[in-house]
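Chemist: just a sequence and a predicted model for now, questions to come.
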Amino acid sequence: MQATVWFVLAIVLVALIFDFINGFHDAANSIATVVSTRVLSPFAAVIWAAFWNFVAAFVFGTAIAKTIGKGMIDLSVVDPTVILGGLLGAILWDLLTWWLGLPTSSSHALVGGYAGAAVAKAGFTAIIAQGWIKTLLFIVVAPLLGLTLALLLTIVLSWELRRSSPRRVDKTFRLLQLASAASYSLGHGTNDAQKTMGIIVALLVSSQALFAGFPVRAFHLTTAETVPIWIILSAHAAIALGTVAGGWRIVKTMGQRITKLRPFGGFCAETSGAITLFLSSHLGIPVSTTHTITGAITGVGAAHRLSAVRWGVAGRIVWAWVLTIPMSAFIAAVAYILLQAVGRS
């Protein structure tokens, strides 16, 4: 398929649509606990989460965007059709799992789709193995870290507050959960928006020859080392708008079906999830916000008793996690092949 400037700009729009879908697909990650504990109404919760998703643009750097943009796929094989195929794979998998109410990872759908389209074009030599090690490792590390931190925080705070009345604890943590929900949304915004930034940067760098005579200088990218401010703000705005749109099917799974939460438990889960996301963002590792908060919620439930966690639901979610990268990669590979066939016809 022959690329033109307008074709590339259309793909930038598709990337931002993916970011929007990421927002409503992963809205549950930011708001499930604060809604299930009834600290905020669903409408107030999505506004609160969306605000902090956008504020993240001004708080964190772009380490993850650079990892996605240049560290996972060989840029010499990247072209607009590879990017479009990868985005279509991620979007279709996200929409399918949203419809099924499964809190899968939009992040892993994106990297899986990106890889699948690149492999369909150039084979497995397109993969930069070193760039995938940390990402694949943190598929396991992120939920376990979230679980462990939530478990420890719940045990420590329960011991410290053992002589406090339940009513006082509940009242205090209703206020504290506003701060923990904001922190988690901040981490969610920076981690997930940066992945779309990286895709857009890779697209524009790989298409730089097309923009030689294009009058808008903001699209003239020659290196993946720098992420322009318009890409940063656009990605955060798209994910914030998607969060406002909300994903209530997944909110129900995350906030009610894994384990029952009160404000105290919601605070512990969100705080632990936020710490995990801040750490991974600092290290430039694109982790799954879905995996992180699911692990944290499970840790809160397990701190009370193992039977408090509905392990059957958790197991169903884990199976969806395992399938996300290969399925989105497969869909993206098929999409790339079809796009190439259309371009030749």
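Modeler: Sure thing, it's come through.

Chemist: count the neighbours of the residue nearest to I275 when sequence neighbours are not counted for me.
Modeler: Closest residue in space to I275, ignoring its immediate chain neighbours: L149 at 5.9 Å, by C-beta to C-beta, 6 or more residues apart in numbering. In this view, the C-beta of every residue, glycine as well, is placed from N, C-alpha and C. If you count neighbours by other C-beta atoms under 10 Å, L149 ends up with 23.

Chemist: then I337?
Modeler: 14.

Chemist: which strand or helix spans it?
Modeler: Counting by DSSP states H and E, the element that carries I337 is helix 311-344.

Chemist: flag every buried residue along that helix.
Modeler: 313-314, 317, 320-321, 323-325, 327-336, 339-340 (16 or more other C-beta atoms under 10 Å).

Chemist: how about stretch 12-22?
Modeler: V12, V14, A15, L16, F18, D19, F20, I21, N22.

Chemist: same question for stretch 150-162.
Modeler: So, applying 16+ other C-beta under 10 Å, buried residues of stretch 150-162: A150, L151, L153, T154, L157.

Chemist: quick check: mean pLDDT of the longest helix along the chain?
Modeler: Ordering each helix of the chain by length in residues (DSSP state H) puts helix 166-206 first. Helix 166-206 shows a mean pLDDT of 89.

Chemist: pLDDT weak spots in the protein?
Modeler: By pLDDT under 70, the low-scoring segments of the chain are 1-3, 26-30, 102-103, 246-261, 304-318, 320, 345.

Chemist: need the helices for it, in chain order.
Modeler: 5-25, 27-36, 42-55, 63-70, 80-100, 106-122, 129-160, 166-206, 229-245, 248-252, 263-283, 289-304, 311-344.

Chemist: mind putting those helices into JSON lines with distance to F214?
Modeler: Shown next, in JSON lines, are the helices of the chain (distance: least, C-beta to C-beta, whole Å):
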{"stretch": "helix 5-25", "distance to F214": "6"}
{"stretch": "helix 27-36", "distance to F214": "35"}
{"stretch": "helix 42-55", "distance to F214": "28"}
{"stretch": "helix 63-70", "distance to F214": "20"}
{"stretch": "helix 80-100", "distance to F214": "14"}
{"stretch": "helix 106-122", "distance to F214": "24"}
{"stretch": "helix 129-160", "distance to F214": "29"}
{"stretch": "helix 166-206", "distance to F214": "11"}
{"stretch": "helix 229-245", "distance to F214": "14"}
{"stretch": "helix 248-252", "distance to F214": "39"}
{"stretch": "helix 263-283", "distance to F214": "32"}
{"stretch": "helix 289-304", "distance to F214": "35"}
{"stretch": "helix 311-344", "distance to F214": "22"}
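
Chemist: deepest-packed of the ones you listed, please.
Modeler: helix 27-36 (a mean of 30; mean count of other C-beta atoms under 10 Å).

Chemist: end-to-end on stretch 215-223?
Modeler: Terminal residues of stretch 215-223 lie 19 Å apart, using C-alpha to C-alpha, to the nearest Å.

Chemist: if we can go back for a sec, tabulate the buried residues of stretch 150-162 (TSV), appending distance to A182.
Modeler: Shown next, in TSV, are these (distance: C-beta to C-beta, whole Å):
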residue	distance to A182
A150	17
L151	23
L153	17
T154	20
L157	19
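
Chemist: between those residues, which is nearest K134?
Modeler: A150 (22.3 Å; C-beta to C-beta).

Chemist: any idea how far G242 is from the closest one?
Modeler: A150 is 26 Å from G242, where distance means C-beta to C-beta, to the nearest Å.

Chemist: could you find the closest non-adjacent residue to V55?
Modeler: L186 (6.5 Å).

Chemist: now swap in T196 and tell me
Modeler: Nearest non-adjacent residue to T196 (C-beta to C-beta, 6+ apart): D19, at 4.2 Å.

Chemist: let me know whether the one you found touches I231 as I believe.
Modeler: No: counting by C-beta atoms under 8 Å, D19 stays clear of I231, with 10.7 Å between them.

Chemist: need phi/psi at the residue of the chain positioned farthest from its centre.
Modeler: Ranked by distance from the centre of the chain (C-alpha atoms, centre = their mean), the top residue is R163, with 39.0 Å. Taking degrees, to the nearest 10, you get phi -100, psi 0 for the backbone angles of R163.

Chemist: please apply the same query to S165.
Modeler: phi -70, psi 140.

Chemist: please apply the same query to M72.
Modeler: Here M72 shows phi and psi, under degrees, to the nearest 10, equal to phi -120, psi -30.
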